[in-house]
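>>> requesting a structural model of the entry that follows:
(2 chains)
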Amino acid sequence: QVQLVQSGAEVQKPGASVKISCRASGYTFPAYDLHWVRQAPGQSLEWMGWINNGNGNTKYAQRFQGRVTFTRDTSATTAYMELSSLRTEDTAMYYCARLNWNPNWFDPWGQGTLVTVPS
Amino acid sequence: QSALTQPASVSGSPGQSITISCTGTGSDVGGYNYVSWYQQHPGKAPKLIMYDVNRRPSGVSSRFSGSKSGNTASLTISGLQDEDESDYYCCSYRSSDTWVFGGGTRLTVL
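Purely as a prediction, here's the structure:
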């Protein structure tokens, strides 16, 4: 079945970087964009951007520009999200989600990766 | 990039109907029929329950329905059940290949 499996929880110091993986299975990896969404504790979902797994093109939400990088390894059917210059407010659950363009939906979602940046 | 506006909380008794609104602008909700809704139970990933405003994925109960008028989309749950108690998020395409989520609504079944 179509599935996204993310890497495990991370604890990183302020100023460091974190790189999360999202391994896809059950479908043709290059055919679908993967989006990244984060959720701070007790907060709402926040869209971060996406990567076209076919050509590697990316789009980042304005507030993350310059601090986030999406990459992918098509041979490993895995996408990556790297967030740099970590701050305590980056503590959140990070999700990857597959976008179906038309009709338009995010499904499935990865199980989430908790990133903790202690003060 | 401001989030779509949802009520922080709604509540209803079993069997009743509730509606959750999701207000955006002409650049997102009002401009496209790309509104989707997600249900999220505590500690779980979001689950798709509605897409393209009013289309239900296979396996989602017909008690869930969606609509849109102008810049406001709505999710209605009829015949409330205990298992509907959850957080609900709307999401819309917002031009220039960006997307935006709502602030989320906590549904309490009384």
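>>> could you give the bridge partners of the spatially most central residue of chain A?
Nearest residue to the geometric centre of chain A (C-alpha atoms, centre = their mean): A:Trp36, 3.5 Å. Applying DSSP bridges to A:Trp36 gives these bridge partners: A:Gly49, A:Cys96.
>>> pretty sure it sits against A:Arg98.
No. Applying C-beta atoms under 8 Å as the test, A:Trp36 and A:Arg98 come out as separate, 11.3 Å apart. C-beta here means a position set from N, CA and C on the backbone, and glycine is covered the same way.
>>> can you get me the start-to-end distance on stretch B:27-36?
In stretch B:27-36, first residue to last residue: 16 Å (C-alpha to C-alpha, to the nearest Å).
>>> so what touches it?
The contact list for stretch B:27-36 (C-beta atoms under 8 Å, 6 or more residues apart in numbering or on different chains) reads A:104-106, B:4, B:22-25, B:48, B:50-53, B:66, B:68, B:70-73, B:90-95, B:100.
>>> what residues of it count as buried?
By neighbour count with 16 or more other C-beta atoms under 10 Å in any protein chain shown, stretch B:27-36 contains the buried residues B:27-30, B:32-36.
>>> just the closest of those residues to chain A, please.
The closest of the buried residues of stretch B:27-36 to chain A turns out to be B:Tyr34 (C-beta to the nearest C-beta; 4.0 Å).
>>> so which residues of the chain form strands?
You didn't pick a chain, so chain A it is. Per DSSP state E, chain A carries strands over the ranges A:3-6, A:10-11, A:18-25, A:33-39, A:45-52, A:58-60, A:68-73, A:78-83, A:92-100, A:105-109, A:113-116.
>>> oops, chain B please
Listed in chain order, the strands of chain B (DSSP E) span residues B:9-12, B:18-23, B:35-40, B:47-50, B:64-69, B:72-77, B:86-93, B:99-101, B:105-109.
>>> of all these, which one comes closest to A:Arg63?
With C-beta to C-beta, the closest approach to A:Arg63 among these belongs to strand B:99-101: 11.8 Å.
>>> so that closest one, near chain A or not?
Yes. If you take C-beta under 8 Å from any C-beta of the partner chain as the test, strand B:99-101 does meet chain A, through B:99-101.
>>> tabulate those (CSV), appending pLDDT and neighbour count.
As requested, the residues of strand B:99-101 next to chain A are exported to CSV (pLDDT from 0 to 100; neighbours: other C-beta atoms under 10 Å in any protein chain shown):
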residue, pLDDT, neighbour count
B:Trp99, 96, 25
B:Val100, 97, 22
B:Phe101, 98, 23
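>>> near chain B, which residues of chain A?
Selection of chain A residues close to chain B by C-beta under 8 Å from any C-beta yields A:35, A:37, A:44-47, A:50, A:59, A:61-63, A:95, A:97, A:103-107, A:109-112.
>>> can you list the low-confidence ranges for the chain?
I went with chain A, as the question did not name one. Under the criterion pLDDT under 70, no range of chain A is flagged.
>>> that was the other one, I meant chain B.
B:1.
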